[in-house]
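Student: any chance you can model this:
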Amino acid sequence: MKAIFLSERPAEFRRVFSPELRERMAAEVSLVSPEPMNGEQVVACPCCREAEVAFSTWGMPRLTPLQLEALPNLKAVFYAAGAVHAFARPLLERGILLSSAWRANGVPVAEFALAQIILSLKNYFQDEAAFRSRGGFHRIPGGPGAYGEIVGLVGDGAVATCLRGMLERTLSVQVLQVPTAQARDRQALLPLFQKAYVVSNHLPDLPGTENLLDGGLFQAMRPYATFINTGRGAQVDEAGLAQVLAERPDLTALLDVTFPEPPGDSSPLYRLPNVRLSSHLAGSLGQETHRLGEAAFQEFLRYRQGLPLENAVSLEDVAPFEGKERS
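Tutor: Model (predicted):
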């Protein structure tokens, strides 16, 4: 079976598909080229006409009609990353199968959030700040800990599903969850913010979710509660959040995502002592990216055996996200 590597960002491709994995792939397929190719190179390479499957990751080109005509035998694309809406439609409309490693891509985000949740249940971030300012021991009340406490999850996509499993296997907590389909209903969100000691946002980047998490929800949070955002910054009314945090120094916000990224120089998020900012690092980093390449390769092996794809993407899956920019 002939295969092609597709990417406009060769360094990203080599980061995700490690040398060891590419060696294993070369033993299973006949590669058009050992290096990833972009759309223009595909048109210029006659051998690409024989490719039946393609592997890609961040940097996958949105193939033009001319470029797709240069791949007349392409039957499946295995994408070693998450969101596919930027390039999926031309493939799916031609009947080309598309698989995404979206579940694998959610694992490190869930792990990151789990770590922050455990620390937040101990009031670690408030305690550390008070101790660093020479406030002495126990100036901040100790957190309730994990046993029997309530953790709130906003959304029910890959990250939230993975995180809920981790929480229920690891901690003795009660998990409250608002599914994505109900998250636009403020009355569904309010009880979660009122009851949970830690609220973690995992909404997908859907149109209509901008500023969904507003100041009123944060004002309703329990004393010394923590809000975690590894979803999207635009889903939070950051002005409202900043105002509440200024009024309530007992609350903490752990923001791995903001809007824009990074925040503007005048953003109050830099100045508020109860905000912790990180640079969108919850997702796959370093060796974690190898998980994505492995997931794509395992999906290919299922395809070659004639088994159903576990992570197939359809036009119906893609449509709600189209028009959104995502790296």
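Student: so where is the chain shaky, pLDDT-wise?
Tutor: Where the chain drops to pLDDT under 70, the residues are 134-139, 323-327.
Student: now the helices for it?
Tutor: 10-16, 19-28, 39-44, 65-69, 88-93, 102-121, 124-132, 158-170, 186-195, 215-219, 238-247, 289-304, 315-318 (DSSP state H).
Student: which one of the ones you listed lies nearest to residue 254?
Tutor: Closest of those to residue 254 is helix 102-121, at 5.3 Å (criterion: C-beta to C-beta). For glycine as for every other residue, the C-beta is placed from the backbone atoms N, C-alpha and C.
Student: and the closest one, which residues are buried?
Tutor: Under the neighbour-count criterion of 16 or more other C-beta atoms under 10 Å, helix 102-121 has 102-114, 116-121 buried.
Student: do stretch 240-255 as well
Tutor: Applying 16+ other C-beta under 10 Å to stretch 240-255 flags 240, 241, 242, 244, 245, 248, 250, 251, 252, 253, 254, 255 as buried.
Student: OK, contacts around the fourth one?
Tutor: Each residue near residue 244 by C-beta atoms under 8 Å, 6 or more residues apart in numbering is listed here: 215, 218, 219, 251.
Student: quick one, what contacts the closest residue to it other than its chain neighbours?
Tutor: In space, and not counting its chain neighbours, residue 244 is closest to residue 218: 4.3 Å by C-beta to C-beta, 6 or more residues apart in numbering. Going by C-beta under 8 Å, 6+ apart, residue 218 touches 193, 227, 240, 241, 244, 245, 251.
Student: returning to that earlier point: looking at the helices of the chain, which is nearest to residue 270?
Tutor: Nearest of the helices of the chain (C-beta to C-beta): helix 238-247, 10.2 Å.
Student: buried sites along stretch 275-285?
Tutor: 275, 276, 277, 282, 283, 284.
Student: what is the end-to-end distance of it?
Tutor: 23 Å (C-alpha to C-alpha, to the nearest Å).
Student: now what about stretch 268-275, what contacts it?
Tutor: 125-126, 129, 238, 242, 245-246, 249-253, 255, 258, 263, 277.
Student: repeat that for 7 Å
Tutor: 129, 238, 242, 245-246, 249, 251-253, 255, 258, 263, 277 (C-beta atoms under 7 Å, 6 or more residues apart in numbering).
Student: which of these sits closest to residue 168?
Tutor: The closest of the contacts of stretch 268-275, once distances to residue 168 are taken by C-beta to C-beta, is residue 252, at 23.7 Å.
Student: give the contact list for the closest one.
Tutor: 120, 125, 126, 226, 274.
Student: report the two of the contacts of residue 244 separated the most.
Tutor: Among the contacts of residue 244, 215 and 251 lie farthest apart (C-beta to C-beta), at 11.5 Å.
Student: out of the buried residues of stretch 240-255, which is nearest to residue 210?
Tutor: Once C-beta to C-beta is applied, the member of the buried residues of stretch 240-255 that ends up nearest residue 210 is residue 240, at 12.7 Å.
Student: what's the closest non-adjacent residue to that closest one?
Tutor: Using C-beta to C-beta, 6+ apart, the nearest residue to residue 240 is residue 215, at 2.7 Å.
Student: now residue 71: phi and psi?
Tutor: Backbone torsions of residue 71, given as degrees, to the nearest 10, read phi -120, psi 60.
Student: so what's the closest residue to residue 67 other than its chain neighbours up against?
Tutor: With C-beta to C-beta, 6+ apart as the criterion, residue 67 has its nearest non-adjacent residue at 4.2 Å, and that residue is residue 39. Contacts for residue 39 (C-beta under 7 Å, 6+ apart) come out as 61, 63, 64, 67.
Student: for stretch 192-210, which positions count as buried?
Tutor: Those buried within stretch 192-210 under the rule 16+ other C-beta under 10 Å are 192-193, 195-206, 209.
Student: got the CA positions of it in CSV?
Tutor: Taking C-alpha atoms only, stretch 192-210 is exported to CSV below (Å, rounded to 0.1, in the frame of the first residue of the first chain):
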residue,chain,number,x,y,z
LEU,A,192,-22.4,24.1,39.1
PHE,A,193,-20.6,27.4,39.8
GLN,A,194,-22.5,27.7,43.1
LYS,A,195,-21.7,24.2,44.4
ALA,A,196,-18.3,23.2,43.0
TYR,A,197,-15.1,24.1,44.9
VAL,A,198,-13.2,23.8,41.6
VAL,A,199,-14.7,24.6,38.2
SER,A,200,-12.8,23.5,35.1
ASN,A,201,-13.9,24.7,31.6
HIS,A,202,-13.6,22.2,28.7
LEU,A,203,-16.0,23.6,26.2
PRO,A,204,-15.2,23.0,22.5
ASP,A,205,-14.6,26.1,20.4
LEU,A,206,-18.1,26.4,19.0
PRO,A,207,-19.7,29.5,17.6
GLY,A,208,-21.9,31.2,20.2
THR,A,209,-19.8,30.3,23.2
GLU,A,210,-18.0,33.7,23.3
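Student: nice, that's everything, thank you.
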